Structure formats: C-alpha cells, structure tokens
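>>> below is the sequence, then the predicted model.
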Amino acid sequence: MLHTVNKSPFEKNSLDTCLAHAKEGSAILLIEDGVYGATKGTAVSNKVQEAMSKFTVYALEPDVKLRGVADKVMDGVKLVDYAGFVDLAVENDKVQAWL
Amino acid sequence: MKFTVQVNEGPYQHQASDSAYLFAKAALEKGHEIYRIFFYHDGVNNGTRLTKPPQDDRNIVNRWSELAEQHNLDLVICVAAAQRRGIADADEAKRNGKDADNIAPGFRISGLGQLIEGGIQSDRLVVFGD
C-alpha cells in the first residue's frame, strides 16, 4: 500500500498518524509540505530514520526542490518525480492520503 | 491502469490542485487512463471560468480545461459543494434562480455517486487535499 503525507511534521501530525497505521513493508511518499519530514538534522529525523527500517520512504523531488531543501534530504529517502509517483500508485494496490 | 483522482482544495489557496494536475498529466503521459477527476469541497472552485490570474502565473482552471480537451477527461464537480460555493452551469443556475452560470469548459456538475462509481470503476483512487 502507498501512503501519501502532504503536511509538514512541524505543523500537523499526519506523518505520525501515517507511521502509526501503516503496515510493515508499505511505501510512504512525502509530498507538498510533507517533504520537510525527509530532511536531516530536525526534531523528527530520528523518527523517520527509524521508520525506514519498516517502510520505504520516498519524497517528491519537485516539491523538495520548490522548498529549497534538496541538499538536506536524509540518506535512504528515495526521490521520485511525478512519473515516479504514478509508478508507485501502480505498484501498490491502494493509495491512502493522510491529509 | 485506470485512475480516478479526487481534488478537495481550490486553486491558488493550497498546492493540492497543482499536485493533482501534475499527477494526472504524468499518468496520461505514461499511457494510463484517467477515468474521472472529481472536485469536492473547495475543490469545486477549480471549475469556474471567471478566474483571471496574473499573466505570469499559471492558469489553473484553463489548465484543467485544456487537459480535459486533449484527453477527453471527465471533470466532475460535486453539486452540493458547488451550490454552497456559487459554481453553476446553465441548468443549475436556472434551477436555483440565479442570473448567471460560471462553469468552465470541460467540467460538468453531478453528484457524489460519481465519486463512488469512479472508485469502483478505477484501479486506483488518488486523493489530493488539505
């Protein structure tokens, strides 16, 4: 299953909700302000790093670049473009948006 | 693969309608089918032809209409959400005693059943909102 998170973890708890509900092996795609969750050296970096042992974490590269944090993306986060987003939606049997 | 896309937010206020558009465009470019795009809640504001953004800004409404024309897309606006927000086609305007309609080309107004049917008929339902 593909989970999308579009909220900054410093503003809303959508990422926490997603991490609490997603089953092991799920794909989590951070989009829009959600990409701040993929940056290193923040209050949530450890949590996201830990989550990567259970889930594959992706971030939407165009949204990462729009926010100027391309050089701050933590190791292990996979960057995808919109075509990659579509591929993830195809590869996973369901898409759940944590709004 | 068949997709239905749900858009819950209006243009220019939130990134959701941009994300939904770019997702739909990428899916079409990859050869997938967009069975329907359903505009719900403030998302219905994507379907007014009266917007006039500055020339150097993207025209979100026209962009939807153009994509719909190119790919024969079904852009559906939720009727109850539209009535609350003043989005009307000619029939809706007449039925509700309004003096004008404002629906953009390529959009149509229908009910929530169209979202459910889109979910049933499509392989994936992808939601964009706030």
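Received the coordinates, thanks. Numbers count the residues shown, from 1 in each chain, chains lettered A, B, ... in the order given.
>>> pLDDT at A:Leu60, what is it?
Per-residue pLDDT puts A:Leu60 at 98.
>>> same question for B:Ala93.
The predicted local confidence for B:Ala93 is 97.
>>> where does chain A get nearest to chain B, residue-wise?
For chain A and chain B, the shortest gap (CB to the nearest CB) falls at A:Tyr82, measuring 3.7 Å. To be clear about C-beta, it is placed using only N, CA and C from the backbone, and glycine gets the same treatment.
>>> any idea how far B:Phe23 is from that residue?
6 Å (CB to CB, to the nearest Å).
>>> try B:Arg108
21 Å.
>>> so between these two, which is more surrounded?
Higher neighbour count among B:Arg108 and B:Phe23: B:Phe23, with 23 against 14, using other CB atoms under 10 Å in any protein chain shown.
>>> that one: which element?
Per DSSP states H and E, B:Phe23 falls inside helix B:16-29.
>>> ok, back up a step: chain neighbours aside, what residue packs nearest to the residue of chain A closest to chain B?
Excluding its sequence neighbours, the residue lying closest to A:Tyr82 (CB to CB, 6 or more residues apart in numbering or on different chains) is B:Ala26, at 3.7 Å.
>>> tell me the contacts of that neighbour?
Neighbouring residues of B:Ala26 by CB atoms under 8 Å, 6 or more residues apart in numbering or on different chains: A:Asp81, A:Tyr82, A:Ala83, A:Phe85, A:Val86.
>>> within range of chain B, give me the residues from chain A.
Contacts of chain A with chain B, taken as CB under 8 Å from any CB of the partner chain, map to A:4, A:6, A:31-33, A:62-63, A:81-83, A:85-87, A:89-90, A:94-95, A:97, A:99.
>>> could you list which of these belong to helices?
A:Pro62, A:Asp63, A:Tyr82, A:Ala83, A:Phe85, A:Val86, A:Asp87, A:Ala89, A:Val90 (DSSP state H).
>>> buried ones from those, can you make that a PyMOL selection?
Selecting only the buried entries of these in PyMOL, with 16 or more other CB atoms under 10 Å in any protein chain shown as the criterion:
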select buried, chain A and resi 62+63+82+85+86+89+90
